[in-house]
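>>> Here is the input, now give the coordinates:
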Amino acid sequence: EVNIGPDYIAAVKQAEIEVFLNGRRFGKAQFTRAGWQQVTWPAPAGEPGPVTVEFHTRPEFRPKNDPRVLGLPIGGFGFK
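Numbers count the residues shown, from 1 in each chain. Sure thing, here's the model as predicted:
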């Protein structure tokens, strides 16, 4: 789940996320509007146990009058 603010999407126009599990790309999505949005992908088969999860987001966002470099605002992630 992502929660995209209106200032963020106005500045970047399109945001993208790639999710990696144990170094392999698991899913990719683009977003072009503000608000809460959810993306689901079927879970890959694998061995039970811990996995390494990485989120790669583009483009970076630099809020006005704020020195931070931000990415896509992720509100939740899980497995079913």
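
>>> Tell me the secondary structure of I9, please.
Recorded secondary structure, I9: helix (DSSP: H, G, I helix; E, B strand; the rest coil).

>>> contacting residues around it?
I9 is in contact with A15, F31, T32, R33, A34, counting by Cβ atoms under 8 Å, 6 or more residues apart in numbering. C-beta: built from backbone N, CA, C; applies to glycine.

>>> ok, it to N3 distance?
Separation of I9 from N3 (Cβ to Cβ, to the nearest Å): 11 Å.

>>> Next, the buried residues of the lowest-mean-pLDDT helix or strand in the chain.
Among the helical and strand segments of the chain, the one scoring lowest on mean pLDDT, DSSP states H and E is helix 6-12, with a mean of 90. Under the neighbour-count criterion of 16 or more other Cβ atoms under 10 Å, helix 6-12 has Y8, I9, V12 buried.

>>> Including distance to V39, could the residues you listed go into a markdown table?
Listed next are the buried residues of helix 6-12 as a markdown table, based on distance: Cβ to Cβ, whole Å:
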| residue | distance to V39 |
| --- | --- |
| Y8 | 17 |
| I9 | 16 |
| V12 | 17 |
